[in-house]
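**Student:** my questions concern the predicted model and sequence given below.
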Amino acid sequence: MKQMQIFAFDMNCVGHINHGMWTHPRDTSLHYTDLDYWVDLARTAERGKLDGIFLADILGVYDVYKNSAAPVIQAAAQLPVNDPMVPIAAMAYVTRHLGFGVTVNTTFEPPYLLARLMSTLDHLTKGRIGWNIVTGYLDSAARAMGLEKLPEHDARYDAAEEYLEILYKLWEGSWDDDAFVGDKVRAIFADPAKVRAMKHEGQYYKIEGFHLSQPSPQRTPLLFQAGASARGQDFAARHAECVFVAAPTPQAVCRPVEALRAKAEAFGRGPDALRVLQLVTIVVGRTEKEARDKLQDYRTHANVEASLAHYAASTGVDLSKYGLDDPITQASTNANQSALAAITKDAPTPMTLRRIIDHMVLGSRMKPIVGSPAQVADRLAEWIADGGIDGFNLARTVAPESLLDFVDLVIPELQERGLFKADYAQGALRQKLFGKSGRLPPGHPAAAFRH
């Protein structure tokens, strides 16, 4: 029986996906600046045997809606947002098995510095770090970083391909496996003949230098990606190991997942190269009535205005310009192509603002799964069976209540059915998820840069 993989989805901020939940009296996300907040989260996730905590990030602000950042400032919709890297070392220190995924933007982060940062975290976590590769979609981020606007969508992915080549050269090729000597008597730390400078001259980057970190447990961190456009899917099929999706139903995700796996196999990576994780929001109670009552309680705190501001920035469409029943017709922007397509060319019927708002049950555009532990487990099992996915990215609602509820109520139900692991496997994060080596397999493009 296939066992699902589950990550807790979070962000180093007050309001992440389900906007407005921070106003709930039991929510503690206002303490996101305290290290204890993150340490407690990690301990809870590992107690539930979750595969990891995935920390999203965004550069810039959501200022497309009403041509203003005021709605997101007022609602704390991913603003303020602190660096996602900083809490990871502390969370890793209080856990032994929990994995960590962290988002870093290739458009703005120098590859040479990111190589060292990721290797450092891979060392400190003993091989439990993963990197979510994003290219960005906000012009506000480009302006904040000194550019007039964001590069065009496909050009961002072209640059990211070159970016990854640089990182593969550093992570996989700069140090040989046996370069480390550690001989105190002869005072030889490493063999200079087995450590080399990486050279790269391409369209977007010109770099020469030694990787500043000695080889870490995984060398290349576990690679996450969430691109759903045609260009993004090609990129994911070539490089990613875990892919995040956010489909409305299992039936809607099945065909894209099959196509993604076929592309990965066409790149020579094999049928088991990818783990696909669906974004879900879950409200669970000991009974269905308790869960429904909890949902109604949460709904009184949902912030639809903040959710519209978030969605407007994702699509690049100022939704405030449309009446409730006006069809949304803007078919081209430089933002998130899959988010835009979902409300335009891929929508089965013309999408309107009213229909978008109808989906915003808890201040996000994802309808929650609601019910008793058995009902939630049934629904998750349906996603696995009918959607062809491998697991879930679990968005928070009221923190830390939603994760505690999931760990205490749903995880035991899944374990009893054999749908979730009873304990962790040994080894690095890549080993735990794929049951093989902690290093990238030979079919991955990074392997070409090994010496």
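**Tutor:** Cool, got the structure. Residues are numbered from 1 along each chain as shown.
**Student:** residues near residue 259, how many?
**Tutor:** For residue 259, the neighbour count with other C-beta atoms under 10 Å is 12. Quick note: C-beta positions are derived from backbone N, CA and C, even for glycine.
**Student:** check the one 3 residues further on too.
**Tutor:** Applying other C-beta under 10 Å, we find 12 residues neighbouring residue 262.
**Student:** in the protein, which spans are strands?
**Tutor:** 5-11, 52-56, 99-105, 129-134, 180-183, 188-190, 198-201, 206-209, 222-225, 242-245, 275-284, 369-371, 391-395 (DSSP state E).
**Student:** ok, which stretches of the stretch 151-300 of the chain are helices?
**Tutor:** 153-168, 230-239, 250-266, 288-299 (DSSP state H, counting those that start in this stretch).
**Student:** what's the shortest one packed up against?
**Tutor:** Spelled out, that is helix 230-239. Contacts defined by 3 or more C-beta pairs under 8 Å, 6 or more residues apart in numbering; DSSP states H and E place helix 230-239 against helix 153-168, strand 222-225, helix 250-266, helix 337-342.
**Student:** hmm, try it at 6 Å
**Tutor:** helix 153-168, helix 250-266 (3 or more C-beta pairs under 6 Å, 6 or more residues apart in numbering; DSSP states H and E).
**Student:** tell me which of these sits most buried.
**Tutor:** helix 153-168 (a mean of 20; mean count of other C-beta atoms under 10 Å).
**Student:** hey, C-alpha coordinates of it in CSV?
**Tutor:** Included here for helix 153-168 are C-alpha records, laid out as CSV according to Å, rounded to 0.1, in the frame of the first residue of the first chain:
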residue,chain,number,x,y,z
HIS,A,153,8.6,34.7,-17.6
ASP,A,154,10.4,32.3,-19.9
ALA,A,155,13.7,34.3,-19.6
ARG,A,156,13.6,33.9,-15.9
TYR,A,157,13.6,30.1,-16.3
ASP,A,158,16.3,30.3,-18.9
ALA,A,159,18.5,32.1,-16.4
ALA,A,160,17.5,29.6,-13.7
GLU,A,161,18.8,26.7,-15.9
GLU,A,162,22.2,28.4,-16.1
TYR,A,163,22.0,29.2,-12.4
LEU,A,164,21.5,25.5,-11.6
GLU,A,165,24.4,24.5,-13.8
ILE,A,166,26.7,26.8,-11.7
LEU,A,167,25.4,25.3,-8.5
TYR,A,168,25.9,21.7,-9.7
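**Student:** quick one: it to chain centroid distance?
**Tutor:** 18 Å (C-alpha atoms, centre = their mean, to the nearest Å).
**Student:** go on, stretch 341-352?
**Tutor:** 25 Å.
**Student:** report the buried residues of it.
**Tutor:** Buried residues in stretch 341-352, defined by neighbour count with 16 or more other C-beta atoms under 10 Å: 341, 342, 343, 344, 351, 352.
**Student:** so where's the stretch 301-450 of the chain shaky on pLDDT?
**Tutor:** Residue ranges of the stretch 301-450 of the chain with pLDDT under 70: 335.
**Student:** again, only using 80
**Tutor:** Judged against pLDDT under 80, the low-scoring parts of the stretch 301-450 of the chain cover residues 330-350.
**Student:** again, but for the stretch 1-150 of the chain
**Tutor:** Using pLDDT under 80, the stretch 1-150 of the chain drops low at 1.
**Student:** quick one: the helices in it?
**Tutor:** Taking DSSP H, counting those that start in this stretch as the test, the helices found in the stretch 1-150 of the chain are 35-47, 70-75, 88-93, 111-124, 139-144.
**Student:** out of those, flag the one nearest residue 388.
**Tutor:** helix 35-47 (25.5 Å; C-beta to C-beta).
**Student:** report the distance from the closest one to the chain centre.
**Tutor:** 18 Å.
**Student:** same question, stretch 60-72
**Tutor:** Averaging C-alpha positions (C-alpha atoms, centre = their mean) puts stretch 60-72 23 Å from its chain's average.
**Student:** before we move on, the earlier item: as JSON lines, the helices of the stretch 151-300 of the chain with distance to residue 390 and mean pLDDT would be great.
**Tutor:** As requested, the helices of the stretch 151-300 of the chain are exported to JSON lines (distance: least, C-beta to C-beta, whole Å; pLDDT from 0 to 100):
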{"stretch": "helix 153-168", "distance to residue 390": "23", "mean pLDDT": "96"}
{"stretch": "helix 230-239", "distance to residue 390": "14", "mean pLDDT": "94"}
{"stretch": "helix 250-266", "distance to residue 390": "9", "mean pLDDT": "94"}
{"stretch": "helix 288-299", "distance to residue 390": "25", "mean pLDDT": "98"}
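**Student:** can you tell me which of those is nearest to residue 43?
**Tutor:** helix 288-299 (23.3 Å).
**Student:** could I get the buried residue list for the closest one?
**Tutor:** 291, 294, 295, 298.
**Student:** redo those residues as a markdown table? Include distance to residue 423.
**Tutor:** Listed next are those as a markdown table, based on distance: C-beta to C-beta, whole Å:
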| residue | distance to residue 423 |
| --- | --- |
| 291 | 28 |
| 294 | 30 |
| 295 | 32 |
| 298 | 32 |
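**Student:** now, which of these sits nearest residue 10?
**Tutor:** Distance to residue 10 across the buried residues of helix 288-299 (C-beta to C-beta) is lowest for residue 298, with 17.1 Å.
**Student:** look up how far residue 314 lies from that closest one.
**Tutor:** Using C-beta to C-beta, to the nearest Å, one gets 22 Å for the distance from residue 298 to residue 314.
**Student:** still on that earlier bit, now the helices and strands packed on helix 230-239 in JSON lines, please, with extra columns for distance to residue 332.
**Tutor:** Below are the helices and strands packed on helix 230-239 laid out as JSON lines (distance: least, C-beta to C-beta, whole Å):
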{"stretch": "helix 153-168", "distance to residue 332": "10"}
{"stretch": "helix 250-266", "distance to residue 332": "21"}
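**Student:** what pairs with residue 199 across the strands?
**Tutor:** Taking DSSP bridges, one finds residue 208 as the beta-bridge partners of residue 199.
**Student:** that one is in contact with residue 207, isn't it?
**Tutor:** No - applying C-beta atoms under 6 Å, one finds residue 199 not in contact with residue 207, separated by 7.6 Å.
**Student:** perfect, that will be all.
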